[in-house]
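Peer 1: model the structure of this input:
(one chain, ligands or ions: 1)
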Amino acid sequence: MLKLLNLKKEDKELYQLIKKEIERQKFNLDLIPSESLVPVSILETLATPLTNKYSEGYPFKRYYPGTEIIDKIEILAQKRAKNAFNLNSNWEVNVQPYSGSPANIAVYFGLLNPGDVILGPALTSGGHLTHGAKVNFSGKIYHAIYYEIDPKTEKFNYTQISELAKIYRPKIIVSGTTAYPREIDFKKIGKIAKKVGAYHLADISHIAGLIIAKKHQSPFEFTDIVTTTTHKTLNGPRGAVIFSKKEISQKINKAVFPGIQGGPHQNTIASIALTFKIAQTKKFKKTQTQIVKNAKILAKELKKYKFHLVSGGTDNHLILINLKNKKISGKEAETILEKSGILANRNTIPGDQKPFSPSGIRLGTPSITFRGLKEKEMIKIANFLYQLIEKRQPPQKIKKEVLTLCKKFPLNY
Ligand SMILES: Cc1ncc(COP(=O)(O)O)c(C=O)c1O
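Peer 2: Numbers count the residues shown, from 1 in each chain. Purely as a prediction, here's the structure:
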């Protein structure tokens, strides 16, 4: 139980808001695939006096005094991050990015010039904003070209990626996604990048935990740079790391600091060190295996209720539902689910033209699996979705059952 006694004394208003948010997390089922459920030890490291310290620069090359211990913590985080992915001395890692978007900015700033061509997954095919979307810096500063999923298979078409690469000669090809339910073939994309002389950046933010547990192909053999957030399947603090081949690591480091950031958040870096320690345990790998198992069972059950799953199923931790045959929009489905205590976010699906009125929802199993839910509960959740979206049962009725599940699998906050 988080008591927050000092906060309670100092600021009742904020204390009560935070308590309410904790209660909300306790009594809702979180199916948002990018969210996690960190252990209390992660919260403890975030709340240490490391937050007091300025330490611009890198270990042993700081612009501030008093960084002897901070250096040791940052080096520990680097060492554990590399160990978690079994990386050898050809790879370096930067643990300072404030989050996933700054990590990707730093890669582009370090390796590209304004106007250079980026080839990345389209937003409507599961790409992230920082993969070249028009509204994002990556689509404004660089010349972004997009690859898309095949309308028939609803999976990536590697021949299309290869053809686009030959035509546009990108300086960097981005692989990795934010809403793609299938395994990504990093090997194929790596080959394409090599052929056209492009860097290959794999953004594994969503699947880093699965890769550590060997539940998804690892990109390291086939890439020059790998970025990941630390707060999704990795189940750590909000932050990010950048792995890069030794020969380009100085460019990346300079782009992070002094290029786009100032002082690193050392409390987060300590928490990242702990995240990568936990990620190497048997328990973590077992949980990642269960995340995938749960997603597959949930997908199978949803298909029984004639939900149209993009690509027909899932290989990873997430499911994308095309709701067109259920005559309901993504926004409406999101609202109905939220009223019943189930959180799943609306998402564009292939063919959607308007990102603000998407026709799908995205479901993920990381958070509920960290909470302890297994196959039996996935069958129940699929039925909840059927009752709510197909049968239009009142959300209040399902909410009772959701609450029972939440109480059976309590959070220890
Ligand atoms: C694949 C991918 N890359 C980058 C990001 C950006 O991370 P952040 O929200 O921490 O900036 C996300 C976030 O959803 C993501 O899914």
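
Peer 1: got the phi and psi for residue 53?
Peer 2: phi -100, psi 130 (degrees, to the nearest 10).

Peer 1: how about residue 382: what's its closest non-neighbour residue?
Peer 2: residue 301 (3.3 Å; Cβ to Cβ, 6 or more residues apart in numbering). For the C-beta atoms, the positions are set from N, CA and C on the backbone; glycine is no exception.

Peer 1: contacting residues for that neighbour?
Peer 2: 378, 379, 382, 383 (Cβ atoms under 8 Å, 6 or more residues apart in numbering).

Peer 1: for burial, what's the neighbour tally of residue 320?
Peer 2: Using other Cβ atoms under 10 Å, residue 320 has 26 neighbouring residues.

Peer 1: chain neighbours aside, what residue packs nearest to it?
Peer 2: In space, and not counting its chain neighbours, residue 320 is closest to residue 310: 4.0 Å by Cβ to Cβ, 6+ apart.

Peer 1: cool, and residue 319?
Peer 2: The shortest distance from residue 319 to any non-neighbouring residue, by Cβ to Cβ, 6+ apart, is to residue 363 (4.6 Å).

Peer 1: so which bits of the host helix or strand of the one you found are buried?
Peer 2: In the assignment (DSSP states H and E), residue 363 maps to strand 360-364. Under the neighbour-count criterion of 16 or more other Cβ atoms under 10 Å, strand 360-364 has 360, 361, 362, 363, 364 buried.

Peer 1: kindly report the same for stretch 405-413.
Peer 2: Of the residues in stretch 405-413, those buried under the neighbour-count criterion (16+ other Cβ under 10 Å) are 405, 406.

Peer 1: hang on, the earlier thing: and which of the buried residues of strand 360-364 is nearest to residue 89?
Peer 2: residue 364 (34.9 Å; Cβ to Cβ).

Peer 1: how near is the residue of the chain found nearest the ligand to residue 315?
Peer 2: Nearest residue of the chain to the ligand (Cβ to the nearest ligand atom) works out as residue 100 at 2.3 Å. Residue 100 sits 22 Å away from residue 315 when distances are taken as Cβ to Cβ, to the nearest Å.

Peer 1: how about residue 245?
Peer 2: In terms of Cβ to Cβ, residue 245 sits 27 Å off from residue 315.

Peer 1: quick one, which of these two is more surrounded?
Peer 2: residue 315 (21 against 16).

Peer 1: show me the contacts for the closest residue to the more buried one other than its chain neighbours.
Peer 2: Spatially, and ignoring its direct neighbours in sequence, residue 315 is nearest to residue 183 (4.3 Å; Cβ to Cβ, 6+ apart). Residue 183 is in contact with 216, 217, 315, 316, counting by Cβ under 8 Å, 6+ apart.

Peer 1: could you list every residue that touches the first one?
Peer 2: Contacts here follow Cβ under 8 Å, 6+ apart; on that basis residue 216 touches 183, 184, 207, 210, 315, 316.

Peer 1: excluding chain neighbours, what is closest to it?
Peer 2: In space, and not counting its chain neighbours, residue 216 is closest to residue 210: 4.2 Å by Cβ to Cβ, 6+ apart.
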